[in-house]
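Trainee: Could you work out the structure for the sequence below:
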Amino acid sequence: MSGTQQKIILAVLLVTALLLYLLQPILMPFLVGMLLAYMGDPVADWLEEKGCSRRLAVIVVFACLSVLMGGFLLFLIPLLGKQLELIQEFVPLILTWVREQLLPFLVEYTGLEEDMLELDAIQKALSGHLQQAGSVAGILIRELGKSGMVLVSMVVNIGLIPVVTFYLLLDWDRLKLKILYLFPNKYQGKAEQMAVECDEVLAAFIKGQLMVMFCLSLVYATGLWMVGLKLALLVGVIAGLASIVPYLGPIIGIGAGLLAGWFQFADWLPLLMIAGVFIIGQLLESFVFTPLLVGDKIGLHPVTVIFAIMAGGQLFGFTGILIALPVAAVIMVLLRHLHDYYKDSEMYS
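Mentor: From the prediction side, this is the model:
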């Protein structure tokens, strides 16, 4: 490429990055809609091959996605709400244990003053908040009611997700062709090859990793429920979602599970069983879920995954966390091609 072309491409990339940074507060419904459209497009293509029109195929896929997500939320949110209310039982027990056992140990071996933590003030504050909280729905309504604009913005964002998903799904194939035709003719073949590789990586991550997180959440929650842990669903779901970062899920799960189990059972055998649940979950993830659902196409090192998520969150907030790993996977494909180009260049030889 000439120097002018390189400057144009660099300027386009910089402007795009700047726009993403400035528009991040309104990007959430578009990113979620794009994710849902990307996941539903293969099914819509399959229905088209069976003789359906594109519009009918999109309507069927959209209806199935709506039913699945609506049913999942209607089932999960009330259960998580009950789990959060159970936390009220553990807060006084935890504070009592800190006051009677942990604090004397710290005072004796570290020289800290006994009233340094101000446990009485913490307990009064927590008790007041918990008594006023009521239910999860009450907390949500009360917090949203403090700012009408926040409520309106949330409703608009949620309402935009199905609209964006439907229209992106309807025009997905045409959009791909239009993006491809933006490239000069002599580069379209290479661009299409790289797009196919990026699609393999993204499909392996988005579809595969979401299934792994769902399976791990199910395994953790079921196993902890069989042990008898009251907070089984909450701990299991949090550990499953945290598994998007390598090894973070079991670390959080074991920590939260053992803490809740200690104050519920006060016995070593249930604690060993809780740890066993997460060990079994890790074995299933390593030898069953990840090889079967993800494979080795994404190829991101664990340290790269952690850095990508932290960098995305630092640069673009929650939006950056959502797009961090897919963007890192695409960058990995581009760097691989750049590396091959460098190895074939005169500079390397």
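Trainee: Please identify which helix or strand holds Gly51.
Mentor: In the assignment (DSSP states H and E), Gly51 maps to no helix and no strand.
Trainee: hang on, I meant Leu271
Mentor: Using DSSP H and E, Leu271 falls in helix 268-284.
Trainee: Please work out which residues outside that helix touch it.
Mentor: The contact list for helix 268-284 (Cβ atoms under 8 Å, 6 or more residues apart in numbering) reads 215-216, 219-220, 223-224, 227-229, 239, 250, 253-254, 257-258, 261-262, 264-265. In short, each C-beta sits where N, CA and C put it, glycine included.
Trainee: Specify which residues of the stretch 51-200 of the chain, grouped into ranges, have pLDDT under the cut-off.
Mentor: Scanning the stretch 51-200 of the chain with the threshold set as pLDDT under 70 gives 84-85, 88-91, 105-152.
Trainee: and with 50 instead?
Mentor: For the stretch 51-200 of the chain, applying pLDDT under 50 flags the ranges 133-134, 136.
Trainee: all helices of it, in order?
Mentor: Using DSSP state H, counting those that start in this stretch, the helices found in the stretch 51-200 of the chain span residues 54-97, 103-110, 119-133, 136-145, 148-170, 172-181, 185-203.
Trainee: hang on, the earlier thing: and the helix holding Leu271, what's buried?
Mentor: Using 16 or more other Cβ atoms under 10 Å as the test for burial, helix 268-284 gives Pro270, Leu271, Met273, Ile274, Ala275, Val277, Phe278, Gly281, Gln282.
Trainee: do you know how far the first one is from Leu258?
Mentor: What that stands for is Pro270. As judged by Cβ to Cβ, to the nearest Å, Pro270 and Leu258 stand 10 Å apart.
Trainee: ditto for the second one
Mentor: Taken as Cβ to Cβ, the spacing of Leu271 relative to Leu258 amounts to 6 Å.
Trainee: same check, this time on the fifth one
Mentor: Applying Cβ to Cβ, the value for Ala275 to Leu258 is 7 Å.
Trainee: Quick one: residues contacting Leu168.
Mentor: Gly33, Met34, Ala37, Leu175.
Trainee: just the buried members of these?
Mentor: Using 16+ other Cβ under 10 Å, the buried ones in these are Gly33, Met34, Ala37.
Trainee: could these be laid out in CSV, adding secondary structure, distance to Val156 and pLDDT?
Mentor: As requested, the buried ones among the contacts of Leu168 are exported to CSV (DSSP: H, G, I helix; E, B strand; the rest coil; distance: Cβ to Cβ, whole Å; pLDDT from 0 to 100):
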residue, secondary structure, distance to Val156, pLDDT
Gly33, helix, 13, 86
Met34, helix, 17, 86
Ala37, helix, 19, 87
